[in-house]
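**Student:** Got a predicted structure here, sequence first:
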There are 4 protein chains.
Amino acid sequence: MKILKLLGSSRPDGNTEYLVNQSLEGVEHTTIRLSDYHIKPIADMRHTAEGFPRVDDDYEKLLKVFLEHDLIIFATPIYWFGMSGQMKVFIDRWSQYMRDNRFPFKERIAQQKAYVVLTGGSDPKITGLPLIQQFGHIFDFVHMSFEDYVIGNAVKPGEIKRDEPALQKMDQWKVQFEQSSEKCEI
Amino acid sequence: MKILKLLGSSRPDGNTEYLVNQSLEGVEHTTIRLSDYHIKPIADMRHTAEGFPRVDDDYEKLLKVFLEHDLIIFATPIYWFGMSGQMKVFIDRWSQYMRDNRFPFKERIAQQKAYVVLTGGSDPKITGLPLIQQFGHIFDFVHMSFEDYVIGNAVKPGEIKRDEPALQKMDQWKVQFEQSSEKCEI
Amino acid sequence: MKILKLLGSSRPDGNTEYLVNQSLEGVEHTTIRLSDYHIKPIADMRHTAEGFPRVDDDYEKLLKVFLEHDLIIFATPIYWFGMSGQMKVFIDRWSQYMRDNRFPFKERIAQQKAYVVLTGGSDPKITGLPLIQQFGHIFDFVHMSFEDYVIGNAVKPGEIKRDEPALQKMDQWKVQFEQSSEKCEI
Amino acid sequence: MKILKLLGSSRPDGNTEYLVNQSLEGVEHTTIRLSDYHIKPIADMRHTAEGFPRVDDDYEKLLKVFLEHDLIIFATPIYWFGMSGQMKVFIDRWSQYMRDNRFPFKERIAQQKAYVVLTGGSDPKITGLPLIQQFGHIFDFVHMSFEDYVIGNAVKPGEIKRDEPALQKMDQWKVQFEQSSEKCEI
């Protein structure tokens, strides 16, 4: 089972990255840091005769990697009580590639398992719940299996190291991820 | 009272635009169509010594217009059960300008009134509620007054014309907006 | 189409009742005021061999009336950010009667249309949304069609009379209800 | 620090009780099983001249015990995507006793710490979130500190024993509860 860490942060070595990394220590996985790539916002051409045009950016390259994995960890800081713009722009473009026969989007995504890692402040374990619900609706829509989520309480660099329950959850995930990796080696 | 229509759509003349326009017929207002501008996603430098760097894009020009208005209508299609990436990227950058003394961000935004217009499919009057909650948290955080919201049920072009309750709400808003405009002429 | 007003208020002539009544002026309908009846909380016997025992209270009489109607208006004050205990106790008992062959519960409820009327304070148009989501899940579960909802802003007696958008929505519903009633006369 | 387990279940030895008990093994605490008591739904007399009348039931006795504790675990099965009617009826009555000078309701509750334990089916870790949000609003309103929550996935008797993440969270709470108990012995 191939694991992808999809990182929506705009800050290197931030709390979100620290938190998700606790679950991946010693576990084979791929990392995509969305802020390292050029991704254009969607131009909605669903309802035009010509359909979506080819877009000149890094998206298709990333999507190819995305679809090659079996377990996706969506890791994003909570910006303004939602996922980062970087991650939203990435997901919005799914609307285009659901309709593009060059990619087996619908078939593959329906086989993937999803985990969500959020970190933020302002009482995030409550105010982050609409974002969890949004992810719930997203995964339902594409038939991804929503395995688990964690919300870390952290704003300033390093604060996440004090969120014991979030860290302990990562230890639990790590056990699962290690087992999943083993399974695919057989 | 100066009114701004902030449009997060990526499709011209879409359902969102049609819906919000029903409330603005004959009412003086400014339009910003976010997809017409180049706006970079935030690079979070809140916690660095140097702070946020100047960014070479259209953001400051738009922010200046934004802050000149008293009543903001956030109008966005529901993409993947959230606001469009275009609008999210716009709001994420607030984090930068809250800390930039060249803009009276916090003072002005706390005086603004906010309206939200959403359109989408997949049972939007229920599945759009996490997005309304997100806007609620956003406006609370910056002390904007959240006046009202409408969720239109529409996916294909023109479908919004059949959503009677949404259209009737726009008629009600129009009366309020006309009165607000009159007040500022005195 | 037979209309039932199911009232969860504990106060006679309160804001909730005033609001829902605006949609029913001149429209034939039945009223159940839950606080007028004796309804016991559910004792969960789903997983016992003997099943649910007969309960000595007014529930079956009310349920019979409930199932005879085609359009149900669930009207409840928001108490502690949820429906009133009176209404919750009523709904909890559904678990018992879904499994009781004397009542055509599942078949009938899947044909019913649901409307929800809430009134409350503390920023109810936002803080009442989890309750709307709860109703959404409930109606999904039993395959009721969730037609519309309104959240009125009112705490003290009579305050609802100042909530123009809520009152205007009731005018819209009234038109629908009048048409529904006519349909059934044919 | 005195710990109260407030149990909203209607079934003895159910999943909710099993789950919460994992966090309390060897920890001194008091148990209130709401279904063992007679509690009347609230009759809202807030806005009447005479105010709330004395109610002939077990409520005041329970409330007294409730207010004597420092840490409250609200443990309820998810019934119809909300707390049980038993627990809702208990909380609704707070509106009465907030206004009753015989009880130091507001002062005491603002000092209490709250934990929430839910168990249910139908994708509870997502569909239970509106209930968590409701508890969030409730605790905000009375200034209780919302410490943590767990949502267990279990419907049939004993199913909770397979929900590893929920059980592990209880192990974490147990450590906290043991430390809290020790603190009060000093």
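**Tutor:** Alright, I've got the coordinates.
**Student:** A:Leu75: how many residues sit nearby?
**Tutor:** Let me fix one detail, which is that residue A:75 is Ala and not Leu. 29 (other CB atoms under 10 Å in any protein chain shown). Placement of C-beta: from N, CA and C, glycine included.
**Student:** Distance check, it against A:Leu4.
**Tutor:** 10 Å (CB to CB, to the nearest Å).
**Student:** May I have the beta-bridge partners of the spatially most central residue of chain A?
**Tutor:** Geometric centre of chain A, nearest residue: A:Phe74, 1.8 Å, by CA atoms, centre = their mean. Counting by DSSP bridges, A:Phe74 forms beta bridges with A:Leu6, A:Val116.
**Student:** need the contact list for it.
**Tutor:** A:Leu6, A:Gly8, A:Met83, A:Met87, A:Ala114, A:Tyr115, A:Val116, A:Val117, A:Phe135 (CB atoms under 8 Å, 6 or more residues apart in numbering or on different chains).
**Student:** Mind pulling the model confidence for it?
**Tutor:** With respect to pLDDT, A:Phe74 scores 98.
**Student:** Could you measure from A:Met170 over to chain D?
**Tutor:** A:Met170 sits 12 Å away from chain D, taking CB to the nearest CB, to the nearest Å as the criterion.
**Student:** anything in stretch A:21-28 near chain D?
**Tutor:** No - using CB under 8 Å from any CB of the partner chain, stretch A:21-28 stays clear of chain D, coming no nearer than 12.6 Å.
**Student:** ok, residues contacting that stretch?
**Tutor:** A:Ile3, A:Lys5, A:Ile73, A:Leu167, A:Met170, A:Asp171, A:Trp173, A:Lys174, A:Phe177, A:Glu178, A:Ser181.
**Student:** Among those residues, which lie within strands?
**Tutor:** Secondary structure from DSSP state E places A:Ile3, A:Lys5, A:Ile73 of the contacts of stretch A:21-28 in strands.
**Student:** residues contacting the closest residue to A:Ile109 other than its chain neighbours?
**Tutor:** Counting by CB to CB, 6 or more residues apart in numbering or on different chains, A:Val142 is the residue found nearest to A:Ile109 once chain neighbours are left out, at 4.7 Å. The contact partners of A:Val142, by CB under 8 Å, 6+ apart, come to A:Trp94, A:Lys106, A:Ile109, A:Ala110.
**Student:** distance of the closest residue to A:Asp58 other than its chain neighbours from A:Gln86?
**Tutor:** Nearest non-adjacent residue to A:Asp58, counting by CB to CB, 6+ apart: A:Tyr37, 4.0 Å away. In this view, A:Tyr37 and A:Gln86 are 9 Å apart by CB to CB.
**Student:** between the two, which one's more packed in?
**Tutor:** A direct count of neighbours by other CB under 10 Å for A:Tyr37 and A:Gln86 places A:Gln86 higher, at 27 against 14.
**Student:** give me the element that one is part of.
**Tutor:** Secondary structure assignment for A:Gln86, by DSSP states H and E: helix A:85-92.
**Student:** Quick check: what element follows that helix along the chain?
**Tutor:** helix A:94-97.
**Student:** Report all helices and strands that that next one contacts.
**Tutor:** Helices and strands touching helix A:94-97, by 3 or more CB pairs under 8 Å, 6 or more residues apart in numbering or on different chains; DSSP states H and E: there are none.
**Student:** near chain B, which residues of chain A show up?
**Tutor:** Within chain A, the positions adjacent to chain B are A:9-11, A:14, A:35, A:41-45, A:47, A:77, A:79-86, A:88-89, A:91-92, A:94-95, A:122, A:127, A:130-131, A:133-134, A:137-138, A:141, A:156-157 by CB under 8 Å from any CB.
**Student:** Recalculate using a threshold of 6 Å.
**Tutor:** Contacts of chain A with chain B, taken as CB under 6 Å from any CB of the partner chain, map to A:10-11, A:41-44, A:47, A:79-82, A:85-86, A:88-89, A:91-92, A:127, A:130, A:133-134, A:137-138, A:157.
**Student:** List buried residues within those residues.
**Tutor:** A:10-11, A:41-44, A:79-82, A:85-86, A:88-89, A:91-92, A:127, A:130, A:133-134, A:137-138 (16 or more other CB atoms under 10 Å in any protein chain shown).
**Student:** residue ranges of the helices in chain A, please?
**Tutor:** A:15-22, A:59-68, A:85-92, A:94-97, A:105-109, A:124-127, A:129-142, A:164-185 (DSSP state H).
**Student:** Let me know which of these is tucked in deepest.
**Tutor:** helix A:85-92 (a mean of 26; mean count of other CB atoms under 10 Å in any protein chain shown).
**Student:** Name the residues that touch it?
**Tutor:** A:8, A:34-35, A:39, A:41-42, A:76, B:41, B:79-80, B:85, B:88-89, B:92 (CB atoms under 6 Å, 6 or more residues apart in numbering or on different chains).
**Student:** Which single residue of chain A ends up nearest chain C?
**Tutor:** Chain A approaches chain C most closely through A:Gln133 (7.9 Å), counting by CB to the nearest CB.
**Student:** Next, format the ones in strands among the contacts of stretch A:21-28 as CSV and append neighbour count.
**Tutor:** Putting these into CSV (neighbours: other CB atoms under 10 Å in any protein chain shown) gives the following:
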residue, neighbour count
A:Ile3, 22
A:Lys5, 23
A:Ile73, 24
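**Student:** before we move on, back to that, would you list the contacts of A:Phe74 in JSON lines and tack on pLDDT?
**Tutor:** Converted to JSON lines, the contacts of A:Phe74 look like this (pLDDT from 0 to 100):
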{"residue": "A:Leu6", "pLDDT": "98"}
{"residue": "A:Gly8", "pLDDT": "98"}
{"residue": "A:Met83", "pLDDT": "98"}
{"residue": "A:Met87", "pLDDT": "98"}
{"residue": "A:Ala114", "pLDDT": "98"}
{"residue": "A:Tyr115", "pLDDT": "98"}
{"residue": "A:Val116", "pLDDT": "98"}
{"residue": "A:Val117", "pLDDT": "98"}
{"residue": "A:Phe135", "pLDDT": "98"}
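**Student:** for the residues you listed, which one is nearest chain D?
**Tutor:** Closest to chain D out of the contacts of A:Phe74 is A:Phe135 (8.7 Å), distances taken as CB to the nearest CB.
**Student:** and the closest one, what does it touch?
**Tutor:** Counted by CB under 6 Å, 6+ apart, A:Phe135 has contacts A:Val116.
**Student:** And for the one 10 residues further on?
**Tutor:** With contact taken as CB under 6 Å, 6+ apart, A:Ser145 is in contact with A:Lys113.
**Student:** Tell me how far it lies from chain B.
**Tutor:** Taking CB to the nearest CB, one finds A:Ser145 at 17 Å from chain B.
**Student:** Tell me the spacing between that residue and D:Glu159.
**Tutor:** 19 Å.
**Student:** just checking, A:Ile126 touches D:Gly136?
**Tutor:** Yes - here A:Ile126 reaches D:Gly136: they are 4.1 Å apart, a contact under CB atoms under 6 Å.
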